[in-house]
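Engineer: can you look at this prediction? I've put the sequence above it.
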Amino acid sequence: MLILGLQKTTLLDYPGKIASTIFTGGCNFRCPYCHNKELVFPELATFSYSTEEIFEHLQSKKKVLDGVCITGGEPTLHKDLPEFIKQIKDLGLLVKLDSNGTNPDMLQSLIEDKLIDYVAMDIKHSKEKYNSIACMSHFDLAPIEASVELLKEGKIDYEFRTTIMKECHDCDDMASIGKWLVGASAYYLQSYRESEQVINPIFSPHSLETLKQFVEILKPYVANTSLRGVD
């Protein structure tokens, strides 16, 4: 496992839980609005954690923590992810996985083996415009569609989420995404925020009024749609 970040305690990353968040390095997308440049391009990173350091921390804090969030980058790129999670579960901790959904086989295996307890899957855009954000030269939506359908089976707690930008998302896009995710248990819209780590800082946020309008467009498809992290 290439681990490039550790947030020792968070009340935000795992809904309703006290957690540590582990950031893995490497991603198969190149979303220009991503605010984790060093995770997407791990060669830029100046520091990494050993698995021993991670488990020393988790062992020392396991009486305080409810769980661990594993995010990235894209964690499912790492073949040793299942074994890494097994060691976390052996500590009696819950595990939340953040993923872009491009590895449905690993996702299914993690669910079937009861290694994860919650999944947050990013939905970048409507099907028709997905690669306009993912920025991949050889892009196949089929694995992402498979991950969406797998989660909608309801065998595990999950959410879908989208980072919204004025330059990329409009009302028609919301309707298209809603039709795709229809019947999902939860969908969150997150407003774009500028930071020093954004890969290509050319974007801007929608107004709160527009974001609320997007939520109303989506609710007929996903009743539990709401805004997250919006002041």
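Structural biologist: Nice, thanks for sending it over. Since we're looking at a predicted model, the values are computed, not measured.

Engineer: list the contacts for the residue nearest the centre of the chain?
Structural biologist: Geometric centre of the chain, nearest residue: D98, 3.5 Å, by Cα atoms, centre = their mean. D98 is in contact with C69, I70, T71, G72, P75, V119, A120, M121, D122, counting by Cβ atoms under 8 Å, 6 or more residues apart in numbering. For the C-beta atoms, the positions are set from N, CA and C on the backbone; glycine is no exception.

Engineer: next one: K127
Structural biologist: Here K127 is in contact with L141, E145, S176, W180 (criterion: Cβ under 8 Å, 6+ apart).

Engineer: surely the third one is in contact with S126?
Structural biologist: What that stands for is S176. Yes. Using Cβ atoms under 8 Å, S176 is in contact with S126, at 3.7 Å.

Engineer: so for stretch 90-100, mean pLDDT?
Structural biologist: Average pLDDT, stretch 90-100: 98.

Engineer: buried residues in that stretch?
Structural biologist: For stretch 90-100, burial by neighbour count (16 or more other Cβ atoms under 10 Å) applies to L93, L94, V95, K96, L97, D98, S99, N100.

Engineer: and what of stretch 223-231?
Structural biologist: T225.

Engineer: how far off centre is that stretch?
Structural biologist: Relative to its chain's centre, stretch 223-231 lies at 15 Å (Cα atoms, centre = their mean, to the nearest Å).

Engineer: and E216, which of the three is it?
Structural biologist: Assigned by DSSP: H, G, I helix; E, B strand; the rest coil, the conformation of E216 is helix.

Engineer: so which helix or strand takes in the residue of the chain positioned farthest from its centre?
Structural biologist: Distance from the C-alpha centroid of the chain peaks at S60, with 26.5 Å (Cα atoms, centre = their mean). Using DSSP states H and E, S60 falls within helix 51-61.

Engineer: quick one, helices of the protein?
Structural biologist: Assigned by DSSP state H, the helices in the chain fall at 37-40, 51-61, 81-89, 104-112, 130-134, 142-152, 171-181, 208-218.

Engineer: out of these, the one nearest P15 is which?
Structural biologist: helix 142-152 (15.2 Å; Cβ to Cβ).

Engineer: return that closest one as PDB; C-alpha atoms alone will do.
Structural biologist: The C-alpha trace of helix 142-152 is given here as PDB (Å, rounded to 0.1, in the frame of the first residue of the first chain):
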ATOM      1  CA  ALA A 142     -19.100   0.000 -18.000                       C
ATOM      2  CA  PRO A 143     -17.100  -0.700 -14.800                       C
ATOM      3  CA  ILE A 144     -18.600   2.400 -13.200                       C
ATOM      4  CA  GLU A 145     -22.100   1.400 -14.300                       C
ATOM      5  CA  ALA A 146     -21.500  -2.000 -12.700                       C
ATOM      6  CA  SER A 147     -20.400  -0.500  -9.400                       C
ATOM      7  CA  VAL A 148     -23.500   1.700  -9.300                       C
ATOM      8  CA  GLU A 149     -25.800  -1.300  -9.900                       C
ATOM      9  CA  LEU A 150     -23.800  -3.300  -7.300                       C
ATOM     10  CA  LEU A 151     -24.300  -0.600  -4.600                       C
ATOM     11  CA  LYS A 152     -27.900  -0.100  -5.500                       C
END
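
Engineer: can you spell out which helices and strands pack onto it?
Structural biologist: helix 104-112, strand 118-122, strand 157-164, helix 171-181 (3 or more Cβ pairs under 8 Å, 6 or more residues apart in numbering; DSSP states H and E).

Engineer: that concludes my questions; thank you for your assistance.
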